[in-house]
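K.L.:
How does the following fold in three dimensions:
(one chain, ligands or ions: 1)
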Amino acid sequence: MTSERMRSARELWGGHFATDAAPLMERINASVGFDKRLWAEDVRGSIAHARMLAARGILPPADRDAILAGLEAIAREIEEGRFVFDPKLEDVHLNIEARLTERIGEAGRRLHTARSRNDQVATDMRLWAKAACARADELLRRLQRVLIDRAEEHAADVMPGFTHLQAAQPVTLGHHLLAYVEMLGRDRSRFADALARMDECPLGAAALAGTSFPIDREATARELGFARPMANSIDAVSDRDFLLDYLSAAAIASVHLSRLAEELVLWSTPQFGFVKLPEAFTSGSSIMPQKRNPDAAELVRGKSGRVIGHLVALLTVLKGLPLAYSKDMQEDKEGVFDTADTLELCLAATAAMLEGARFDTARMRAAAGIGHTTATDLADWLVRVKGVPFREAHGIAARAVRRAEERGCGLEDLPDSELLALDARLDPGVREVLGVDRSVASRTSFGGTAPVRVREAIEAARRRFLEEVPEAGA
Ligand code: ARG
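P.N.:
All right, here's what the predicted structure looks like:
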């Protein structure tokens, strides 16, 4: 049995609406243009709801079976691109419900018993956001793997470490790359926290007050894969903090990606010359033949702006809303969808760029010595070997830097006589710490840049983040 198709959402509220929606009303009100992305979650939620209604004797088994078959057929229509979403029916929820009634008749009209679009949309969004958290985790993990592999390759390759973007002390490239592995690890834990917190089911909160029907919220929560039903029906339909959790985790991850991208942009300039990005991720200039522009890295950097914007936008939408549901909350969707699309694209592009990047280790090594980056090592040597108090040693090292600058040479190029003239304790023994390799090798404190520590950190990172057991003896 089929019945006539509902043509407009207005037919649903029937009686007291005599006129059609103004065309402008339709434009401002309809969300189906973007919330159709929730169709799979919406169908899942309806299936769970119909099963529960039947189990509780609220819906006859025959109606349940018709509803389940109808929803499955609709899912296939959508998958195969045969479903026509109609803005007159406002949103994905009414589009699917109208089609269901069109297909199965009367039984379709019973599906909305003991629920509202308010708990329906909150459920759909939670299901969607949980999956988005899981996808972010997987893509972050893949990027960590690329970083760890590249760090292993360059565990002992020396480069300048910077503070204030001034050469500060030599570090290894492996150590520098592992810094991002840590950041991304925290990003993953933020998504995991967000996921755990949003793992409660709003379905059954109905419009805001719960329902007089003997529903089983535990059953629908369980069937939809939630840990439990949400405890308060007003909260269940009112809050979108679970999306704020997702958006803020995404915003922070985007900031990390942006900083990494900025380093790739900087390092790939001819002035730095530390890295050559894969040609497939760069572009040329239409006017300057010599150029190779790091477009993909620039866009990863630039796209962090919209992700941060979506977080601020939703915070602003929510901040003045009285409980419970208000239509303002429909504004949550586009920003969340765009955040997921943007973040996922940026994570994949960054991983691919890093995978194909060629680091110019000779150039990095040469740059590591520029700017007297072993001055701290000279001071530390005076403290360690000669018992000089650090503040005094710092002054002696500063004078050595000045002397090297006057002579236009590196610290290690100062003749023995010059060093002894600066301070009698600066005997030739100090040379053992003045090269960049020795400097780096000496930084053996936990979390430090010495290659032995970096190799340990790589093994630990594989265990912590990739759950890989390093081969014995490797
Ligand atoms: N499209 C709506 C949204 O995304 C669904 C909920 C509508 N609820 C209502 N009471 N009009 O927020």
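K.L.:
so what's the residue of the stretch 351-474 of the chain at minimum distance from the ligand up against?
P.N.:
Across the stretch 351-474 of the chain, no residue is closer to the ligand than residue 351, which sits at 33.3 Å (C-beta to the nearest ligand atom). In short, each C-beta sits where N, CA and C put it, glycine included. Taking C-beta atoms under 8 Å, 6 or more residues apart in numbering, we find residue 351 in contact with 139, 142-143, 146.
K.L.:
What average pLDDT does the helix or strand hosting it get?
P.N.:
Element membership of residue 351 [criterion: DSSP states H and E] is helix 332-356. Average pLDDT, helix 332-356: 98.
K.L.:
Out of the contacts of residue 351, which comes closest to the ligand?
P.N.:
residue 139 (26.7 Å).
K.L.:
helices or strands next to the helix or strand encompassing the closest one in the packing?
P.N.:
Residue 139 is part of helix 117-153 when elements are defined by DSSP H and E. Secondary-structure packing of helix 117-153 (3 or more C-beta pairs under 8 Å, 6 or more residues apart in numbering; DSSP states H and E): helix 39-55, helix 92-104, helix 173-197, strand 200-201, helix 233-238, helix 241-267, helix 332-356, helix 451-466.
K.L.:
Now distance to residue 117 too, for these, in TSV please.
P.N.:
What follows is the helices and strands packed on helix 117-153, written out as TSV (distance: least, C-beta to C-beta, whole Å):
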stretch	distance to residue 117
helix 39-55	10
helix 92-104	5
helix 173-197	24
strand 200-201	16
helix 233-238	9
helix 241-267	17
helix 332-356	13
helix 451-466	41
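K.L.:
re the thing from before, check which helices and strands the very next helix or strand once past the helix holding residue 139 is in contact with.
P.N.:
Downstream of helix 117-153, the next assigned helix or strand under DSSP H and E is strand 158-163. Judged by 3+ C-beta pairs under 8 Å, 6+ apart, strand 158-163 is in contact with strand 166-172, helix 173-197, helix 361-369, helix 436-442.
K.L.:
List of residues touching the first one?
P.N.:
It refers to strand 166-172. 154-162, 367-371, 373-374, 376-377, 436, 439-440, 443, 449, 451, 454.
K.L.:
which among these end up buried?
P.N.:
Neighbour-count burial (16 or more other C-beta atoms under 10 Å) is assigned, among these, to 154-162, 367-369, 371, 373-374, 376-377, 436, 439-440, 443, 449, 451, 454.
K.L.:
got the contact list for stretch 76-96?
P.N.:
Stretch 76-96 has contacts (C-beta under 8 Å, 6+ apart) with 6-9, 12, 21, 26, 29-33, 35-39, 42-43, 46, 71, 74, 98-99, 117, 120-121, 124, 330.
K.L.:
mind redoing it with 6 Å?
P.N.:
Contact with stretch 76-96 is made by 8-9, 26, 30-32, 35-36, 38-39, 42, 74, 98, 117, 120, as judged by C-beta atoms under 6 Å, 6 or more residues apart in numbering.
K.L.:
closest to residue 416 out of the helices and strands packed on helix 117-153?
P.N.:
Of all these, the one in closest proximity to residue 416, counting by C-beta to C-beta, is helix 451-466 (29.1 Å).
K.L.:
List of residues touching the closest one?
P.N.:
Against helix 451-466 from outside (C-beta under 6 Å, 6+ apart): 144-145, 148, 151-152, 155-156, 172, 174-175, 178, 181, 185, 444, 468, 470.
K.L.:
farthest-separated two in those?
P.N.:
Of all pairs drawn from the contacts of helix 451-466, the greatest distance, 26.4 Å, lies between 145 and 444 (C-beta to C-beta).
K.L.:
the more surrounded of those two?
P.N.:
Higher neighbour count among residue 145 and residue 444: residue 145, with 18 against 12, using other C-beta atoms under 10 Å.
K.L.:
can I assume residue 277 is in contact with residue 268?
P.N.:
Yes - using C-beta atoms under 6 Å, residue 277 is in contact with residue 268, at 5.2 Å.
K.L.:
any idea what sits nearest residue 206, other than its immediate chain neighbours?
P.N.:
Counting by C-beta to C-beta, 6 or more residues apart in numbering, residue 206 lies nearest to residue 116, which is 4.8 Å off, once chain neighbours are set aside.
K.L.:
and the gap between that neighbour and the ligand?
P.N.:
Separation of residue 116 from the ligand (C-beta to the nearest ligand atom, to the nearest Å) stands at 7 Å.
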